[in-house]
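Asker: Build the 3D model from these lines:
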Amino acid sequence: MAGHYGIKNGKVLVFNDLSKLRPGDKLYINDDQGATFTFVVRESKIYDPQADTLEIFTSNDGKVHLNLITCEGTWNKATQNYSKRLVVFADKKMPEQNTQPFTLTLRSGLFKY
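Answerer: Numbering: from 1, shown residues only. As a prediction, the model looks like this:
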């Protein structure tokens, strides 16, 4: 997922603070059905804009990943572009087993565990 960095027309752009994310930080993504998914930041790296994206974004581990991409580095007024790209790599947090309380009905009442 790519987004702009900086401030334009007095408004902070969507990924302006992306560089503040650290390993272990959680990202909460809502889909159009109202479901929320949690991703955990694994690492951040800075790349050259011409870097081989196939090498950067290929994964064979069978897990679900979220990669956030924005500009970084020095602004080049002539090319209207930044010199580097920041990529934040995050992994989907899988639901933990038995984390929801369950209700046990006994003759003497209800108990939650």
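
Asker: can we go C-alpha only for contacts and neighbour counts from here?
Answerer: Will do.

Asker: Output the below-cut-off pLDDT ranges for this structure.
Answerer: Low-confidence segments of the chain, defined by pLDDT under 70: 96-113.

Asker: now the helices for it?
Answerer: Under the criterion DSSP state H, the chain contains helices at 53-57.

Asker: Break down it into its strands, ranges please.
Answerer: For the chain, applying DSSP state E gives strands covering 7-8, 11-12, 26-30, 36-47, 65-76, 81-92, 103-106, 109-112.

Asker: Can you spell out which residues form a bridge with the residue nearest to residue 22 when sequence neighbours are not counted?
Answerer: Distance criterion C-alpha to C-alpha, 6 or more residues apart in numbering; nearest residue to residue 22, sequence neighbours excluded, is residue 41 at 6.5 Å. Beta bridges link residue 41 to residue 90, judged by DSSP bridges.

Asker: Distance check, residue 41 against residue 11.
Answerer: Distance, residue 41 to residue 11, using C-alpha to C-alpha, to the nearest Å: 26 Å.

Asker: now do residue 82
Answerer: Look at residue 82 and residue 11: by C-alpha to C-alpha, they are 19 Å apart.
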